[in-house]
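**Student:** Sequence and predicted structure are below.
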Amino acid sequence: MLENYVQKAIALYEKADAILICDKNGNVEYTKWSNNRYFECKEVVGMNILEVYPTLTEETSTIIRCLKSGQTRIADEQDIVNFKGERIHIISTTYPIKVSGNVIGALCASTFCGKERENNIEPDNDFEERLYDLDDIITQNQAMIDIKEKIKIVSQNNSTVLIYGETGTGKELVAESIHTGSMRSNQPFISQNCASIPATLLEGIFFGTEKGSYTGAESRKGLFELANKGTLFLDEINSMDFSIQAKLLKVLEEKKVRRLGGNKDINIDVKIICAMNENPYEALKNGKIREDLYYRISVVQIRTVPLRERREDILLLADYFINYFNREMGRDIKGLSDLAKNAFENRQWNGNVRELRNTIESAFNNEKSELITIKSLPEIFFEECKNDKNLGKDITEKYDFSLSDAVEEYEKKLIQLVMSKSKNMAEAAKKLKISRQNLRYKIEKYNI
C-alpha cells in the first residue's frame with residue numbers, strides 16, 4: 001500500500017517542490033525535496049514530524065491534524081523552522097492515506113511560496129476516494145434511466161441544479177455523476193452538508209477568512225475558492241440560516257466572493273449543485289428557503305426516486321451489494337434465499353438504497369451459509385411489519401420475542417399474504433419460489 005502511494009507521490013512531484021509521507025503516528029517514512037534544497041530523505045526518515053519541525057505542535061501541524069481528522073487539508077500556508085534552524089515558507093496540501101476506512105498515514109505535497117507557478121495544489125483525484133459516475137447508478141427503472149439521461153445533458157453546462165428526494169436515495173451520487181461527466185471532472189468536487197455546521201461558523205467556511213477578522217482567525221480559502229473551476233455541492237441547503245442564504249445568492253449572481261474580514265472581491269467559476277431531503281415547494285411554502293434563492297438554484301430540478309417506486313431495482317441492487325461485500329469481506333455468498341427475496345420485494349424500504357445496503361452488510365456479519373436467509377437479517381428489518389397493512393398485526397407486540405420468533409412470524413404473514421392473492425397452492429408456491437411440498441409443510445407448521 002505504501003509503495004503505491006510512493007509511486008503516486010513521485011508522479012505528483014512534478015507539480016510540487018516537496019513530498020512527505022508519514023505513518024499514522026507522524027513518523028516520516030519517505031520525503032523528497034526539489035534539488036535536496038533543505039534535506040535529503042535519509043536525514044529525516046524515522047523522525048517524527050514534530051522533530052523535523054520543532055516549532056510545530058499537534059495543534060499547528062497540518063499533518064498531525066490531517067491524521068486525527070482523516071480529512072484532506074488544502075492549501076495551508078506555513079512559515080516554519082526545521083530542525084536545522086532553517087525557515088521554510090511553503091503552501092501544503094495534506095491527504096490522509098486510508099485502508100478500509102482507517103487512516104494509516106498521511107501524504108503532504110508542498111510548493112515554495114513566491115514561485116511563478118500557482119502557489120497552491122488543488123486536490124488530486126488520485127489521493128481522493130473515487131467519485132461516483134453514471135455507471136454507479138444501478139437501475140432498470142425507467143424513471144432512473146431518464147435521470148441518467150438528464151445528468152448527461154446538465155453536466156455539459158453551468159446551470160445550477162437542485163436535487164431533492166428522501167434520505168438514502170442517492171442525491172450525492174447524482175451530484176458526483178454530474179461532476180464526473182462534465183468538463184470540470186479534473187477539477188475539485190467540494191461537498192458540504194449545510195446542516196452539520198453552526199450558522200455562526202458557516203459564513204467563514206463558505207467565503208473564507210482573512211487573518212485578524214476575528215480572534216484566532218487565519219487567512220483561509222472558503223468553499224467557493226477551493227471549488228474554483230470545479231463543482232460545489234451544498235447538501236441540505238434548506239437548513240441554512242436566512243442571512244447566509246442572502247449572501248449565497250449574491251455570490252451566485254455576481255460570481256464573486258469576499259472573505260470574512262477581507263476588502264477585495266475574488267472572481268470564481270464554480271458549478272453549484274444543491275440538495276434537500278424534502279419537496280422544494282414545501283420548503284419554500286414553510287419558509288425554509290428564500291424565494292429568490294430558490295429560483296436561482298433550481299434552474300434544473302432532479303427528483304431522486306425512492307426505492308419503493310423502483311421495485312424492479314430491489315433485487316438488482318441486492319445482487320450488486322452482495323458482490324461488493326464479497327470483495328470487501330473476502331466472502332463467497334451466492335445471493336438471497338427465495339424467502340429473503342420475497343421479504344426484500346415486499347418491504348417498503350423507508351431508508352431507501354442506503355437501508356438496503358446496510359441490511360446486506362448486516363446479513364454478511366450474521367450469515368454462515370452460501371445464501372442470505374431471513375434469519376441473518378437484522379432485527380430492525382422486521383419492525384416495519386407494524387406499519388405494513390398487508391402483513392397484518394405488528395409482530396413486535398410480543399414483548400418477549402426472539403429473532404427466530406420474528407422470522408417465523410414474518411414468514412407466516414408472508415405466506416398468508418401470497419395465499420390470499422393466489423388461485424391455488426401451485427400458484428402460491430410459484431410466487432414464493434418454493435416447491436408445493438415445501439409450501440404444504442410450512443402451511444401445516446404454521447397452522448394456516
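**Tutor:** Alright, I've got the coordinates.

**Student:** Kindly list the longest helix within the protein.
**Tutor:** Counting by DSSP state H, the longest helix found in the chain is helix 403-420.

**Student:** What are the buried residues along that one?
**Tutor:** 403, 406-419 (16 or more other C-beta atoms under 10 Å). Any C-beta I mention is one placed from the backbone N, CA and C, and that applies to glycine too.

**Student:** what's the answer for stretch 429-446, then?
**Tutor:** Of all the residues in stretch 429-446, those buried under the rule 16+ other C-beta under 10 Å are Ala429, Leu432, Ile434, Leu439, Lys442, Ile443.

**Student:** between those, which is closest to Glu210?
**Tutor:** Nearest to Glu210 out of the buried residues of stretch 429-446 is Leu432 (C-beta to C-beta; 67.1 Å).

**Student:** Could you check how far Lys334 is from Ile244?
**Tutor:** Using C-beta to C-beta, to the nearest Å, Lys334 is found at 51 Å from Ile244.

**Student:** In terms of neighbours, single out the busier of those two.
**Tutor:** A side-by-side neighbour count of Lys334 and Ile244, using other C-beta atoms under 10 Å, places Ile244 first with 19 against 12.

**Student:** Kindly state the pLDDT recorded for that one?
**Tutor:** We have a pLDDT of 89 for Ile244.

**Student:** picking that back up, which of the buried residues of stretch 429-446 fall within strands?
**Tutor:** Among the buried residues of stretch 429-446, none falls in strands (DSSP state E).

**Student:** Any regions of the stretch 201-350 of the chain where pLDDT drops low?
**Tutor:** Applying pLDDT under 70 to the stretch 201-350 of the chain flags residues 213-217.

**Student:** which residues of it fall in strands?
**Tutor:** 231-235, 256-257, 266-267, 271-276, 300-303, 335-336 (DSSP state E, counting those that start in this stretch).

**Student:** Show residues contacting the first one.
**Tutor:** This points to strand 231-235. 171-172, 175-176, 178-179, 182, 184, 187-195, 223-224, 240, 270-275 (C-beta atoms under 8 Å, 6 or more residues apart in numbering).

**Student:** Show the buried residues in these.
**Tutor:** Burial by neighbour count, judged by 16+ other C-beta under 10 Å, picks out 171-172, 175-176, 178-179, 182, 184, 187-192, 194, 223-224, 240, 270-275 from the contacts of strand 231-235.

**Student:** Show me the residues you listed that map onto helices.
**Tutor:** Lys171, Glu172, Ala175, Glu176, Ile178, His179, Leu223, Phe224.

**Student:** My guess is the fourth one contacts Ile137. True?
**Tutor:** No. Glu176 is not in contact with Ile137 according to C-beta atoms under 8 Å; the separation is 10.3 Å.

**Student:** Okay, Gln156 and Lys150: tell me how far apart.
**Tutor:** 11 Å.

**Student:** of these two, who's got more company?
**Tutor:** Set Gln156 next to Lys150 and count neighbours by other C-beta under 10 Å: Lys150 wins out with 16 against 12.

**Student:** Roughly how far does the residue positioned nearest the centre of the chain sit from Asp292?
**Tutor:** Closest to where the C-alpha atoms of the chain average out (C-alpha atoms, centre = their mean) is Glu172, at 6.7 Å. According to C-beta to C-beta, Glu172 and Asp292 sit 26 Å apart.
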